[in-house]
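Trainee: Here is a sequence together with a model predicted from it:
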Amino acid sequence: MSDTTPYTPPAIWQWHKENGGQFASINRPVAGATHDKELPVGKHPLQLYSMGTPNGVKVTVMLEELLALGHSGAEYDAWLIRIGDGDQFGSGFVGINPNSKIPALQDRTDPAHPVRVFESGAILMYLAEKFGAFLPKDGAARAECLSWLFWQMGSAPFLGGGFGHFYAYAPVKIEYAIDRYAMEAKRQLDVLNQRLAVTEYVAGDEYTVADMAIWPWYGLMVKGEAYDAGEFLQVQEYTHVLRWADQVGQRPAVQRGRMVNRVRGDLASQLLERHDASDFDTRTQDKLAASASNTGA
């Protein structure tokens with residue numbers, strides 16, 4: 001059903017919190033911290049504060065891929081930021097990311113001079129350059145990779161905040177908004193499908209940060225894991241995206257990265273916090289629940 005009630009914007013916009021729908025409790029028109037809360041710091045140089053949304057998955061996949069290549073300096077602590085509870089508005093988190101969005105990374109290789117990095121694309125570039133991996137060093141290959149990386153950064157808000165919001169989360173179904181963003185989502189999928197018809201990976205023959213950035217959004221979309229909108233968008237039409245989505249999704253590091261800071265899905269796929277590689281074997285939610293049951297906790 002469409003909302004056909006005429007609306008004339010007032011001369012001055014006023015915030016009506018009750019109109020925020022599912023996310024009314026965390027959406028607001030001002031920035032800054034709402035409460036004092038220091039962030040925890042673990043034993044590794046890299047401290048990640050995130051949640052297993054598509055933007056969060058980009059970074060945990062990158063870190064797991066770096067570790068798989070043997071970059072021991074990429075060991076990391078991943079702390080869960082529950083955005084539905086407003087953790088991103090704590091003073092410690094805002095100190096790392098003044099935009100209050102996950103993911104946020106702090107590189108404490110030099111504890112006296114920690115480096116903060118926010119925005120998922122910036123984090124991918126920072127890690128790629130720090131470790132010399134998954135980003136071509138120069139020339140046309142680098143330009144192609146960065147072009148697709150920034151394509152994702154510019155396009156995904158239309159998919160998530162646009163189509164995803166109005167199709168799945170808005171308190172009312174607005175035909176115009178859904179049609180507008182469904183059209184754009186399909187156009188973007190077609191852009192990607194045409195590209196992957198002629199290349200193995202998005203930026204060319206090599207797996208790069210561009211794939212890591214795009215896969216959690218568009219790869220999971222065509223696999224039916226986003227907004228329950230596969231039939232609506234007829235995602236089976238994008239055969240080359242589907243081929244690539246399967247190929248990337250089969251990588252062990254991608255499978256591990258998806259588990260970190262994940263709060264949805266079956267319990268075996270949820271590793272709320274990650275502080276050691278062994279956590280994948282011992283601290284997923286199903287194993288913690290079984291341990292608690294066995295001890296009578």
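Mentor: Received, thanks.

Trainee: Give me the nearest residue to the spatially most central residue of the chain, chain neighbours excluded.
Mentor: Within the chain, one residue has its C-alpha closest to the average C-alpha position: by Cα atoms, centre = their mean, that is Asn55, at 1.5 Å. Closest residue in space to Asn55, ignoring its immediate chain neighbours: Ser120 at 4.5 Å, by Cβ to Cβ, 6 or more residues apart in numbering. All C-beta spots, glycine's among them, are computed from the backbone N, C-alpha and C.

Trainee: contacting residues around the one you found?
Mentor: Counting by Cβ atoms under 8 Å, 6 or more residues apart in numbering, Ser120 touches 55-56, 58-59, 103, 153, 213.

Trainee: again, only using 7 Å
Mentor: With contact set as Cβ atoms under 7 Å, 6 or more residues apart in numbering, Ser120 has these partners: 55, 58-59, 103, 213.

Trainee: what's the answer for Ala141, then?
Mentor: Residues counted as contacts of Ala141 (Cβ under 7 Å, 6+ apart) are Gly204.

Trainee: Using TSV, lay out the contacts of Ser120 together with secondary structure and pLDDT.
Mentor: Output for those, formatted as TSV (DSSP: H, G, I helix; E, B strand; the rest coil; pLDDT from 0 to 100):
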residue	secondary structure	pLDDT
Asn55	helix	97
Lys58	helix	98
Val59	helix	98
Pro103	coil	98
Ala213	helix	98
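
Trainee: By neighbour count, which of those wins?
Mentor: Comparing those on neighbour count, Val59 comes out first with 31 neighbours (neighbours: other Cβ atoms under 10 Å).

Trainee: Tell me if I'm right that it and Ser50 touch.
Mentor: Yes: the criterion here is Cβ atoms under 7 Å, and Val59 meets it with Ser50 at 6.4 Å.

Trainee: and Leu189, how far is that from Leu242?
Mentor: For Leu189, the distance to Leu242 under the criterion Cβ to Cβ, to the nearest Å works out to 10 Å.

Trainee: Just the local confidence number for the residue nearest to Asn55, please.
Mentor: Per-residue confidence for Ser120 comes out at a pLDDT of 98.

Trainee: Buried residues of stretch 150-157, list them for me.
Mentor: Of the residues in stretch 150-157, 151-153, 155-156 count as buried by neighbour count, 16 or more other Cβ atoms under 10 Å.
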